[in-house]
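Asker: Below: sequence and its predicted model.
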Amino acid sequence: MSTMVTQKPSIEKWEHTDFGLEIPYYDEELGMSQSEEHEIAINYLSYVFKFIAKKLGFKAISDHPVWYMELTNVQTGDAEQKKFYPDLVLSRNLDVSKIGADEIMLALEVVSTERKAKEIKDTDKMKGLNAFNKIPEFILIYPKVSDNRVIEWFYLEGNEYVPIERNEQGEYHSQAIQGLSIRELPREDWRDGAKVEVLYDGQVLVSYEEVWELLEEEKQRAKSEKFRADKAEIEKGLEKKRADLYAQKLRELGIDPTKL
């Protein structure tokens, strides 16, 4: 079913200061954490989209607040500005401190199907929200192997979302982002969280395995940096203790350490 757009929303660019609980991909409204397959899928997709965004001069952001206009009255067309946390978007504006939906070229949701309310929110609600805000393209990715669905890709044509059909090679080609496509993997190659691959100009930019290696390297680097920071903090504390002890000994000898 297509999603009709009733009006062009007007968004005030207020600075984002509230980032919620800052738990990655945690739905505060439903009190629900991301599943393992969701984590696998979004890690891969966000990493690859960052490559593409950099090449095109866009900004790829994931699980970051975005200002949307939400329809509150269908009859009157009334709407209110609210923030939502789309799984992944491509923005024309590189400064995302005040990002609004009117700067987004493409929005993507990795669908959680563990609870029906969450699945409806990821699909129907987010599709309607993105259509109402006239975002050119909207993509749904279904990450579970047990789910026969893989991709649903919609393009805003006139005033409504229409589906983009896959070609004989199992590829969906973007109408808004030149060179971008997503290919559905053969069924026998599916793994939880890994059912598609992203292409740019017909080429796979990075494999899932390469993404896992890069993420592991980043994790180890972060651990090393934390270790160095903790070590420096400990050494700083020890140095202060030594200085305090030295000052105390001077005072015991009748010497004012502040006058040395």
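Answerer: Yep, it's here.

Asker: In the stretch 1-150 of the chain, mark out all the strands, start to finish.
Answerer: 59-61, 66-73, 78-84, 88-91, 104-110, 137-141 (DSSP state E, counting those that start in this stretch).

Asker: Just the CA trace of the longest one, in PDB.
Answerer: The one in question is strand 66-73. The C-alpha coordinates for strand 66-73 follow below in PDB (Å, rounded to 0.1, in the frame of the first residue of the first chain):
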ATOM      1  CA  VAL A  66      16.600  13.900  13.800                       C
ATOM      2  CA  TRP A  67      13.800  16.500  13.800                       C
ATOM      3  CA  TYR A  68      10.700  15.300  12.100                       C
ATOM      4  CA  MET A  69       7.200  16.800  11.700                       C
ATOM      5  CA  GLU A  70       4.600  14.200  12.900                       C
ATOM      6  CA  LEU A  71       1.100  14.400  11.600                       C
ATOM      7  CA  THR A  72      -1.300  14.800  14.500                       C
ATOM      8  CA  ASN A  73      -4.600  15.400  12.700                       C
END
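
Asker: Pull out the buried positions in it.
Answerer: 66-71 (16 or more other CB atoms under 10 Å). (Glycine included, C-beta is placed from N, CA and C.)

Asker: starting at the chain centroid, how far to it?
Answerer: 19 Å (CA atoms, centre = their mean, to the nearest Å).

Asker: per-residue pLDDT, the closest residue to Leu185 other than its chain neighbours?
Answerer: Spatial nearest neighbour of Leu185, chain neighbours left out: Lys195 (5.7 Å); criterion: CB to CB, 6 or more residues apart in numbering. Looking at Lys195, its pLDDT stands at 96.

Asker: again with Glu160
Answerer: So, for Glu160, pLDDT stands at 89.

Asker: Identify the bridge partners of it.
Answerer: Met4, Glu157 (DSSP bridges).

Asker: And the residue nearest the centre of the chain, how close does it get to Asp122?
Answerer: Nearest residue to the geometric centre of the chain (CA atoms, centre = their mean): Ser62, 1.3 Å. Distance, Ser62 to Asp122, by CB to CB, to the nearest Å: 14 Å.

Asker: same question, Glu165
Answerer: Distance from Glu165 to Asp122, by CB to CB: 22 Å.

Asker: and those two? which has more neighbours close in?
Answerer: Legend: neighbour count by other CB atoms under 10 Å for Glu165 and Asp122, higher for Asp122 (22 against 8).

Asker: my guess is the more buried one meets Glu109, correct?
Answerer: Yes: contact criterion CB atoms under 8 Å: Asp122 and Glu109 qualify, at 4.8 Å.

Asker: Without its sequence neighbours, what residue ends up closest to Tyr25?
Answerer: Gln34 is the one closest to Tyr25 (CB to CB, 6+ apart), at 3.9 Å.

Asker: Met126 too?
Answerer: Looking at Met126 with CB to CB, 6+ apart, the closest residue is Glu109, at 5.2 Å.

Asker: Isn't that neighbour up against Tyr142?
Answerer: No: using CB under 8 Å, Glu109 makes no contact with Tyr142, being 10.0 Å away.

Asker: give the contact list for Val145.
Answerer: Neighbour list for Val145: 37, 190-192, 195 [criterion: CB atoms under 8 Å, 6 or more residues apart in numbering].

Asker: and these, which two are the farthest apart?
Answerer: With distances taken as CB to CB, the most widely separated pair in the contacts of Val145 is Glu37 and Trp190, at 10.5 Å.

Asker: Please compute how far stretch 69-82 lies from its chain's middle.
Answerer: Counting by CA atoms, centre = their mean, stretch 69-82 comes out at 25 Å from the chain centroid.
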